[in-house]
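Visitor: Using only what follows, build the 3D model:
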Amino acid sequence: MEQVFFFYFAIVIAVTAVLVVAVRNPIYSALSLLIMFFHVAGLYVMLHAEFLAAVQIIVYAGAILVLYLFVVMLLNLRQDDRYHRQWPMVAAVGVTLVIEAIVLTAMKGWTSPVVAAGTETTVGGVGNAEAIGDVLYTTYLFPFEVASLILLVAMIGAILVAKKHIGGDAPQL
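Guide: Numbers count the residues shown, from 1 in each chain. As a prediction, the model looks like this:
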């Protein structure tokens, strides 16, 4: 029964991901993205990562999608036909990925999984949120801080580019 749910989530995620880039109307594209976010959260629930599922819904389906819709409404995007002329290339890439997935699935039973040393530790009596927080702020503290710094630099860069594009003077940093 678990495989049925997995394949349901996987198929819906793949179809809606294609619809995000294939649909001409940006609002329908955003709705497809919303459906995809909820089904990814469903996969997290299947993996017993309820905290990540909640974060997926709150952050991505809530904040990121609303931000995307605000940008679409602010820019007043129209239907664009430039990208819809490239369907043969998209179809070729899609068929290649499907064939690769089939080959990798068929080869899965031929090898035994390799487990990295030190990954056999279990978290006993700790909830999902506490385990994620513990690992994030101890083992992966430096990569977490580097990622936040990269996002800060990207945000400042986007503001500078937008200021120049709108016609205002770019602030001096």
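
Visitor: From now on I want contacts and neighbour counts done on CA atoms only, so please keep to that.
Guide: Will do.

Visitor: how many other residues sit next to Ala63?
Guide: For Ala63, the tally of surrounding residues (other C-alpha atoms under 10 Å) stands at 13.

Visitor: again with Lys163
Guide: 14.

Visitor: gap between it and Ile156?
Guide: When C-alpha to C-alpha, to the nearest Å is applied, the distance between Lys163 and Ile156 equals 11 Å.

Visitor: Check Phe5 too.
Guide: For Phe5, the distance to Ile156 under the criterion C-alpha to C-alpha works out to 42 Å.

Visitor: Ok, Arg24 next?
Guide: When Arg24 is compared with Ile156 (using C-alpha to C-alpha), they lie 30 Å apart.

Visitor: Those two: who's more crowded?
Guide: Of the pair Arg24 and Ile156, Arg24 is the one with more neighbours under other C-alpha under 10 Å, namely 16 against 13.

Visitor: any chance you could map the helices in this structure?
Guide: Counting by DSSP state H, the chain has helices at residues 2-22, 26-46, 50-55, 65-75, 87-107, 128-138, 141-166.

Visitor: Would you tell me which one of those helices is buried the most?
Guide: Mean neighbour count, computed with mean count of other C-alpha atoms under 10 Å, is highest for helix 26-46 among the helices of the chain, reaching a mean of 20.

Visitor: Need the contact partners of that helix.
Guide: If you take C-alpha atoms under 8 Å, 6 or more residues apart in numbering as the criterion, helix 26-46 is touched by 2, 6, 9, 12-13, 16-17, 19-23, 50, 52-54, 56-57, 60-61, 65, 68-69, 72, 77-79.

Visitor: Distance-wise, check the residue nearest to Val20 when sequence neighbours are not counted relative to Val59.
Guide: Using C-alpha to C-alpha, 6 or more residues apart in numbering and skipping residues adjacent in sequence, the residue nearest Val20 is Ser29, 4.4 Å away. Ser29 sits 18 Å away from Val59, going by C-alpha to C-alpha.

Visitor: repeat for Ala53
Guide: The spacing between Ala53 and Val59, counted by C-alpha to C-alpha, is 10 Å.

Visitor: Next: Val161.
Guide: As for Val161, its distance to Val59 is 25 Å (criterion: C-alpha to C-alpha).

Visitor: same thing with Leu141?
Guide: The spacing between Leu141 and Val59, counted by C-alpha to C-alpha, is 21 Å.

Visitor: What of Thr139?
Guide: For Thr139, the distance to Val59 under the criterion C-alpha to C-alpha works out to 23 Å.

Visitor: quick one: which of the two has more around it?
Guide: When neighbours are counted by other C-alpha under 10 Å, Thr139 and Val59 differ, and Val59 comes out ahead with 14 against 10.

Visitor: show me the contacts for the more buried one.
Guide: With contacts defined as C-alpha under 8 Å, 6+ apart, Val59 has no neighbours.
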